[in-house]
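S.K.: What would the 3D arrangement of this be:
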Amino acid sequence: MSGLMHTVSLWQTWSTLTTAVVEGHSVYDRPKTINNREPDWLESFIGAMHYRASKQAAGIVSHIDLTGVRQVLDVGGGSGAFAMAFAKAGSDITATVFDLPNVTPITQKYIKQDKMAKKVTVASGDYNTDLIPSGYDIVFLSAVVHINSYKGNVKLIKRCAASLNPGGRIIIQDQVMNDDRTKPAGGALFALNMLVGTEEGDTYTEKEMIEWFEKAGLTFEKRIDVFMGNALMIGRK
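M.R.: Down below sits the predicted model:
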């Protein structure tokens, strides 16, 4: 049901596509931030994201070297699907989901449902303005950077870098575009979804993500392709 309701919401934004393309920005009249979204929309959105992420999380986490990892921060982690996958991947690994104050109560429901409360906790805040918790070996950003502008992501990666232990890594999981932004096709279409559905969102190239790491004082370590144009972009402190 949550997936169906999310699809209904997508129709509302996609019906503005023609005007958005002509004007070059979103024209959909909606609350400016997820903080102001109605509870039914938010429950449906998080539910739809959880349905997909819960099927992918373990496989994606399996691509990551977790040697020496003890604490993971899942920024904008929504339902906590990835945080729980990290916690399940190692007996010594604990994880924290950092998300908005109206999201974390929903997160806690999923954590309780999966009986992971002993290893996964939540912290509430806005990653653009509030202090991001520190002391982490990995800061994970799944399906987050496409919500923000290029400049917004420069700021976000710098803020996340400050949360890392020495030698820690920021891992971005998202669509990664080629230099002319035409491939992968799914990423190009998703850029349109960001155009109609967000204030400043887009899909970004590998070069741009590496620039974010460099501006934050991180060293780009590697790219790991995972599925359907999505990749893990890893930067180390």
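
S.K.: hey, where'd the helices end up in this structure?
M.R.: Applying DSSP state H to the chain gives helices spanning 2-14, 17-23, 39-61, 81-89, 104-113, 150-161, 185-197, 206-215.

S.K.: got the angle for the fifth one vs helix 81-89?
M.R.: What that stands for is helix 104-113. 30 degrees (axes from the mean of the first three to the mean of the last three C-alpha atoms, to 10 degrees).

S.K.: Buried residues of helix 104-113, list them for me.
M.R.: Residues of helix 104-113 classed as buried: 104, 106-108, 110-111 (neighbour count, 16 or more other C-beta atoms under 10 Å). Where C-beta positions appear, they are placed from N, C-alpha and C, glycine not excepted.

S.K.: Just name the most buried of the helices of the chain.
M.R.: Of these, the one with the most neighbours on average (mean count of other C-beta atoms under 10 Å) is helix 81-89, at a mean of 25.

S.K.: mind showing which ranges of the chain have poor pLDDT?
M.R.: The chain contains residues with pLDDT under 70 at 1-37, 195, 197.

S.K.: quick one: residue 143 and residue 193 touch, right?
M.R.: No: applying C-beta atoms under 8 Å as the test, residue 143 and residue 193 come out as separate, 11.7 Å apart.

S.K.: Please report how far the nearest residue to residue 234 once chain neighbours are set aside lies from residue 69.
M.R.: Distances taken as C-beta to C-beta, 6 or more residues apart in numbering place residue 221 nearest to residue 234, at 4.5 Å, with adjacent residues excluded. Separation of residue 221 from residue 69 (C-beta to C-beta, to the nearest Å): 14 Å.

S.K.: Which of the two has more residues huddled nearby?
M.R.: residue 69 (20 against 15; other C-beta atoms under 10 Å).

S.K.: residues touching the residue nearest to residue 234, list them.
M.R.: By C-beta atoms under 8 Å, 6 or more residues apart in numbering, residue 221 lies in contact with 169, 234-236.

S.K.: Which of these fall within strands?
M.R.: 169, 234-236 (DSSP state E).

S.K.: OK, contacts around residue 167?
M.R.: Here residue 167 is in contact with 137, 236-237 (C-beta under 8 Å, 6+ apart).

S.K.: Residues in a beta bridge with residue 220, which ones?
M.R.: Note on residue 220: beta-bridge partners residue 235, judged by DSSP bridges.
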